[in-house]
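A.B. asks: The sequence isn't on hand, but the structure is:
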């Protein structure tokens, strides 16, 4: 199941990357590159941090074509994106959660300790979006808006707790995925967010 | 032959990094660091993505000295750079293409599949410039101007096609290099560029 | 000794990351993440560049908790930070130098050549701050202000010179650490800085 959701997820992420590139008036190549990095960057950072070589996508060329294709297709369908905004948010939420669970599994398989497994899940979930924003020269959105990165963290913790309790992997995936999706959609609907921290020193840069 | 072009290339790239650092009023150290990262960052990202350790420049200290030296020297000659602008563009184009061919060869040697080899070539060609722009807090130029990243891609594809056809490596390098150089210079001269994608949503951030 | 200074160092770096996140109005999660990256990012980049897997912090979960905790605590104590500004600068200087010496030791242990050892020291010292600034969308401060990155370089060179001369490791650490600390504090007090390079081309982007 997770593999189908993963394919939807990287497509949605690629499209979000393409839109961000469009806001910076990038050319075709830039759109394709940002789409690729947004979709597969989170997993790439995770693999590098965990020393998990070869990096996943280098072994699966179809993912390269899919993300680049989705990015370029976005240029054509962008005018309709505003109408599809809600669908897009749901796909993005599915991606966030699927990425998180997949990231946890990679770190578990490599024998890392629990906090590192959680961070691997979060990294897979959110770092594509962070790289997208860095490359488009804006402050990472995922650290400022409604519950997003924190949903990734809670899903990772829930997944590992159920695993510890001996819940079968299929059931665990189902429960973790649905809980995360409900939480993320609730956060969007009711505009739930974490408290923010605003710091504005009067006199100096530090 | 490629090794001489490579040395010219990293020198040109280091100089472009130093100029970008100068636009941000960085200190001597910042200039040296940005020069180094612009010149050797593309190869570093490639090596990390491909799991190719130790990273190339760590085995060749002279490249460290050369790029840092070129960066610092740029501070002295910057006033003349505008007059040398055309020469500089030619050196930069030679660098882009030499980097691309070298990057492809590294990935080929490690046994990666064709699309990954192409991406390794492009990464080597353009990521130094992307890291430079990220560190200088501006949107990557290589994704917005005249044909640049796309020249890298076309060179990679041409090189792999000729390799597949059994053309000898020297001849292949010569053909790929000249074709890429002509294309890049033509793009500069006639201001050829890819179509850009501009996206400006009216109502929300997404 | 270095281990205690290291713990102080990552705490100080985590706090500086949290303050930077606060200036961008990030949420709780963003503050924790930037704190973590600022404190442990330099060592992470070093480990990845040197191919030193597993990355250090993945083997020491307490460092994860410490840096995230320090980041979150900063939200509470930020109002007092301006009064503690001097203390903070001293802790940060201790961190810079401890990181540098530790970074050199990692590269030495892996058998890298001298210039790479120096770069590993500098990377460990300054890259956390660079990543912090990239993620907060500002030009890296460490490359523009009073002697900072250059202190890291001088400490690395001094440490390696004394090592070469056969000075015992404890004495070497003591001398290198004190010299670096004095130099950094002197730089802050007398506003010593490297010459900067300002480049403002009249007619074009290059």
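C.D. replies: Great, that's in hand. Quick caveat: nothing in here was measured; it's all calculated off a predicted structure. Residues are numbered from 1 along each chain as shown, chains lettered A, B, ... in the order given.
A.B. asks: Now do the same contact list for residue A:32.
C.D. replies: Listed by Cβ atoms under 8 Å, 6 or more residues apart in numbering or on different chains, the contact set of residue A:32 reads A:68, A:71, A:72. Heads up, the C-betas are built off the backbone N, CA and C, glycines and all.
A.B. asks: Now tabulate those residues in JSON lines and tack on pLDDT.
C.D. replies: Formatted as JSON lines, those follow (pLDDT from 0 to 100):
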{"residue": "A:68", "pLDDT": "96"}
{"residue": "A:71", "pLDDT": "94"}
{"residue": "A:72", "pLDDT": "94"}
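A.B. asks: Tell me the one of the residues you listed nearest chain C?
C.D. replies: residue A:71 (22.9 Å; Cβ to the nearest Cβ).
A.B. asks: I'd like to know how many residues surround residue A:46.
C.D. replies: Using other Cβ atoms under 10 Å in any protein chain shown, residue A:46 is surrounded by 26 other residues.
A.B. asks: pretty sure it contacts residue A:106?
C.D. replies: Yes: using Cβ atoms under 8 Å, residue A:46 is in contact with residue A:106, at 6.5 Å.
A.B. asks: Spell out, range by range, the helices that occur in chain A.
C.D. replies: Here chain A has its helices, by DSSP state H, at A:2-23, A:28-49, A:61-81, A:85-109, A:114-135, A:149-164, A:169-189.
A.B. asks: hang on, the earlier thing: what residues are shared contacts of residue A:46 and residue A:106?
C.D. replies: The contact sets of residue A:46 and residue A:106 overlap at A:52, A:120, A:124 (Cβ under 8 Å, 6+ apart).
A.B. asks: Between these, which sits nearest residue A:7?
C.D. replies: Using Cβ to Cβ, residue A:124 comes nearest to residue A:7 of the shared contacts of residue A:46 and residue A:106, at 15.1 Å.
A.B. asks: Report the contact partners of that closest one.
C.D. replies: Counting by Cβ under 8 Å, 6+ apart, the residues that residue A:124 touches are A:42, A:43, A:46, A:99, A:100, A:102, A:103, A:106.
A.B. asks: Spell out which parts of chain A neighbour chain C.
C.D. replies: Chain A comes close to chain C at residues A:48-51, A:112-116, A:119, A:130, A:134, A:137-140, A:143-144, A:149-150, A:153, A:193-206, as judged by Cβ under 8 Å from any Cβ of the partner chain.
A.B. asks: One more pass at 6 Å, please.
C.D. replies: A:48-49, A:51, A:113, A:115-116, A:139, A:143-144, A:149-150, A:194-199 (Cβ under 6 Å from any Cβ of the partner chain).
A.B. asks: Can you report how many residues neighbour the closest residue in space to residue A:55 that isn't next to it in sequence?
C.D. replies: Distances taken as Cβ to Cβ, 6 or more residues apart in numbering or on different chains put residue A:47 closest to residue A:55, at 4.4 Å, once the chain neighbours are dropped. Per other Cβ under 10 Å, the neighbour tally for residue A:47 reads 25.
A.B. asks: surely residue A:64 meets residue B:113?
C.D. replies: No: checked against Cβ atoms under 6 Å, the pair residue A:64 and residue B:113 is beyond contact range at 9.6 Å.
A.B. asks: For those two, indicate the residue with more neighbours.
C.D. replies: Per other Cβ under 10 Å, whichever of residue A:64 and residue B:113 has more neighbours is residue A:64, with 20 against 13.
A.B. asks: for that one, what are its contacts?
C.D. replies: By Cβ atoms under 6 Å, 6 or more residues apart in numbering or on different chains, the contact set of residue A:64 is residue B:115.
A.B. asks: Residue A:161 and residue A:121, how far apart?
C.D. replies: Using Cβ to Cβ, to the nearest Å, residue A:161 is found at 13 Å from residue A:121.
A.B. asks: who has more neighbours, these two?
C.D. replies: Neighbours were counted for residue A:161 and for residue A:121 using other Cβ under 10 Å; residue A:121 has more, 29 against 13.
A.B. asks: What pLDDT is listed against that one?
C.D. replies: Note for residue A:121: predicted pLDDT of 97.
A.B. asks: quick one: it from chain B, how far?
C.D. replies: Residue A:121 is 21 Å from chain B, where distance means Cβ to the nearest Cβ, to the nearest Å.
A.B. asks: Next: residue A:165.
C.D. replies: To chain B, residue A:165 is 35 Å away according to Cβ to the nearest Cβ.
A.B. asks: So, low pLDDT: which residues of chain A?
C.D. replies: For chain A, the stretches flagged by pLDDT under 70 are A:202-206.
A.B. asks: check contacts around the residue positioned nearest the centre of chain A.
C.D. replies: Among the residues of chain A, the one closest to the centroid is residue A:125, at 3.5 Å (Cα atoms, centre = their mean). By Cβ under 6 Å, 6+ apart, residue A:125 lies in contact with A:96, A:99, A:100, A:152.
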